[in-house]
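A.B. asks: With the sequence up front, the predicted model follows.
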Amino acid sequence: MQQILEQKQQAGLCALIYCRVSSTKQRIEGSGLESQEQRCRVYADQQGYDVEAVFPDDVSGGGDFMQRPGMRAMLAYLDAQAGKPYVVIFDDLKRFARDTEFHIKLRREFAKRGALVECLNFKLEDTPEGVFIETIMAAQGQLEREQNRRQVIQKMKARVENGFWVFKAPVGYNYVAAKGGGGKVLVPDETLAPIVREALEGYATGRFVSQAEVQRFLEGNPFYPKDKKDGSIRPMTITRLLKKAVYAGYVEAPKWDVSLRQGQHEGLITFETHQRILDNLEGKKRAPAARKDYNEDFPLRGFVLCDCCGNAMTAAWSTGCRKRYAYYRCETRGCEAKSKSVARAKMEAGFVDILKTLQPSPQLFSKRSRDSTVGSA
């Protein structure tokens, strides 16, 4: 191996450097990637290698090297330079793959591409003894990774049991350091919290009679974060938003067997409102609209029927570039006319035309006349 390496050095062997930290936070707040690269460059200079490229990663990948963008990019780079000899330099064996199975697979991927692997703190040898020790080191890295994961989960579970939200901050909240230490706690976001509250309360009270209306309301708000580049939000995102008990000031973690309990943060809605939302999602009941102008905005809402499916149509305001527009639409799942809008003016004008054609029958007046006579007697 040493003779082969010396021959490749004399031939001007090029080096690729791989650096990795476990999270974006470590990359931003620390200098792990820079210090790893510096040590690897010093080593390459000592060995007489020309560093051709550096591939950093700030994700762990859970031990799977193919989950790391930087590692995938380096393997693709080697494929693009097929036939050219390279040596891949790592700062520490733990940066390679903290999983025994993936460690062996990654070694094979480099060998298949004709690349040597060198580590600053461990000498890799293709001997039975060397492979054995290397496997033990990889297994030790896997053990440490899994132990660390277990400890993190135990700490997170304990915090949830004490009423703290430990996952990604939901839309409408931010994390701030708790007074007196003890980790971070959720606080309402000044901009997004009112928007989320309006959406949740609107669905609970019947102002929004369907999840699609909640979706359109949030898509029409320029401050609410969108799922897609076209400004739309996935229906599943709306469902998850409506189901989250965290917005009522509660926390839970079913996957850790932590039941629903009062949280340590301020809720955006009451628990009663949250329960009404769940009832509405399950179709148990629909609360009457709380808006005072509900009938004034859409007097035919719930009364006019869809031509295609025969179900009652709903209605809502839509925000355009310069003003708002009122529409009636069918939201029945599976209907061919689902989400096809009919302008409020056109719908209501047609209804007025129908009213003008209606005439009471003579029998109706005769009956009313008899009833009046009986009443006066």
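C.D. replies: Perfect, thanks for sending it. Numbering: from 1, shown residues only.
A.B. asks: Tell me where the stretch 1-150 of the chain has helices.
C.D. replies: All helices of the stretch 1-150 of the chain, identified by DSSP state H, counting those that start in this stretch, fall at 2-10, 24-29, 32-47, 69-80, 100-112, 128-161.
A.B. asks: On the C-terminal side of the longest one, identify the next helix or strand.
C.D. replies: Secondary structure here is assigned by DSSP states H and E; on that basis, the next helix or strand after helix 128-161 toward the C-terminus is strand 173-177.
A.B. asks: Report the buried residues of that next one.
C.D. replies: By 16 or more other C-beta atoms under 10 Å, the buried positions in strand 173-177 come out as residue 173. All C-beta spots, glycine's among them, are computed from the backbone N, C-alpha and C.
A.B. asks: mind listing what it pairs with, with the direction of each?
C.D. replies: Strand 173-177 pairs in its sheet with strand 184-188 (antiparallel), by DSSP bridges.
A.B. asks: how about the strand it pairs with: buried residues?
C.D. replies: Those would be 185, 186, 188, for strand 184-188 by 16+ other C-beta under 10 Å.
A.B. asks: Whatever helix or strand comes next after that strand to strand 184-188, inter-axis angle?
C.D. replies: Using DSSP H and E, the helix or strand that follows strand 184-188 towards the C-terminus is helix 192-205. Relative orientation of helix 192-205 and strand 184-188, computed by axes from the mean of the first three to the mean of the last three C-alpha atoms, to 10 degrees: 70 degrees.
A.B. asks: so how far is the following helix or strand past helix 192-205 off the chain centroid?
C.D. replies: Downstream of helix 192-205, the first helix or strand assigned by DSSP H and E is helix 211-219. Put simply, helix 211-219 sits 17 Å off its chain's centre (C-alpha atoms, centre = their mean, to the nearest Å).
A.B. asks: swap in stretch 126-136?
C.D. replies: Worked out by C-alpha atoms, centre = their mean, stretch 126-136 lies 42 Å from the chain centre.
A.B. asks: can you list contacts of it?
C.D. replies: For stretch 126-136, contacts defined as C-beta atoms under 8 Å, 6 or more residues apart in numbering pick out 1, 93, 100, 103, 104, 122, 123, 124, 125.
A.B. asks: same question, stretch 35-46
C.D. replies: For stretch 35-46, contacts defined as C-beta under 8 Å, 6+ apart pick out 15, 17, 19-20, 50-51, 54, 56, 89-92, 95, 118, 120.
A.B. asks: Please spell out the segments of the chain that come in under the pLDDT threshold.
C.D. replies: Applying pLDDT under 70 to the chain picks out residues 1-12, 22-31, 59-65, 95-98, 181, 284-296, 320-321, 363-377.
A.B. asks: how does it divide into domains?
C.D. replies: Following automatic domain parsing, the chain resolves into domains at 2-145, 173-281, 294-357.
A.B. asks: Now distance to residue 156 too, for the ones you listed, in TSV please.
C.D. replies: TSV is the format used below for the domains of the chain (distance: least, C-beta to C-beta, whole Å):
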stretch	distance to residue 156
domain 2-145	15
domain 173-281	8
domain 294-357	38
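A.B. asks: Minimum distance to residue 167: which of the ones you listed has it?
C.D. replies: Across the domains of the chain, residue 167 has its closest neighbour in domain 173-281 (8.2 Å, C-beta to C-beta).
A.B. asks: got a markdown table for the buried residues of strand 184-188, with distance to residue 195 too?
C.D. replies: Shown next, in a markdown table, are the buried residues of strand 184-188 (distance: C-beta to C-beta, whole Å):
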| residue | distance to residue 195 |
| --- | --- |
| 185 | 21 |
| 186 | 16 |
| 188 | 11 |
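A.B. asks: Closest one of the contacts of stretch 126-136 to residue 68?
C.D. replies: residue 103 (13.5 Å).
A.B. asks: and the gap between the closest one and residue 119?
C.D. replies: Per C-beta to C-beta, to the nearest Å, residue 103 is found 12 Å from residue 119.
A.B. asks: and what of residue 247?
C.D. replies: Per C-beta to C-beta, residue 247 is found 49 Å from residue 119.
A.B. asks: These two - which one has more neighbours?
C.D. replies: Neighbours of residue 247 and residue 119, each counted by other C-beta atoms under 10 Å, are more numerous for residue 247; the result is 27 against 20.
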